[in-house]
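# What shape does this take:
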Amino acid sequence: MKYNLYCISKADSETLVEDFVVKCKTFGARLHIHNIFNNAIAKAQKISAPKAQESYSDAFMPFLKNTASSLCIALHPQAKMLDSHQFAKLIANHQEVNFFIAGAYGFEEKFLHSMQNLSLTPLTLSHKIAKLVLCEQIYRALSIMANHPYHK
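Take a look at the predicted model:
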C-alpha cells in the first residue's frame, strides 16, 4: 500500500507528521509527503484567487497522469465527512491512494470534479494541522484494517 500526500506548501520540518510516516511502515504501508511550492504559485497568489487556484491545479497535474489505477482524494472543507471506520473502508482496497491539499485559495471546481472529495472538518485548518490530522487518520485506518488496538 502506498499513500501520497501532495500539498501546496513550503517544505517544513514536521516531526509529528514524520512520526506517522514511520508508524505506517509497521503495517507495510508507505506514506510519502510531497510539499509543492514554486515561483508560479507564489506569483499567482499575489494576483488573484482564481490564478492561485489555477497554479495549484497546474502544480498537481504531473501527479495525476499515472493515477488511473489509484484512488485520488482532494481535501475540501465543504465535501463529505467520514468517520474513521468509513475512511478505512474507503482506502482499504486500493494499492495506492493520492491525497491533495490545495493552497490558501482552495481548488478549482474542475479539479474537484476530477476526483473524490473528502472533508476532515468544516473548520479551516492550517496546512501543518491538516497534514497531521490526515496522517494520523491514515495510520488509524491501517490499524482498523489490521485489527490493531490503536483505533479504540
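# Helix, strand or coil: sort out the spatially most central residue of the chain for me.
Centre of the chain computed as the mean C-alpha position; nearest residue by CA atoms, centre = their mean is Phe99, 3.1 Å away. Three-state assignment for Phe99 (DSSP: H, G, I helix; E, B strand; the rest coil): strand.
# Identify the residue spatially nearest to Glu96, adjacent ones excluded.
Of all residues beyond its chain neighbours, the one nearest Glu96 is Ser70 (4.1 Å), with distances taken as CB to CB, 6 or more residues apart in numbering. Every C-beta, even on glycine, is put in place using the N, C-alpha and C of the backbone.
# Same check on Gly28?
Once its chain neighbours are removed from consideration, Gly28 has its nearest residue in Met1; the separation is 6.6 Å (CB to CB, 6+ apart).
# Now for the one you found: which residues touch it?
Residues touching Met1, when contacts are defined by CB atoms under 8 Å, 6 or more residues apart in numbering, comprise 27-30, 94-97, 142.
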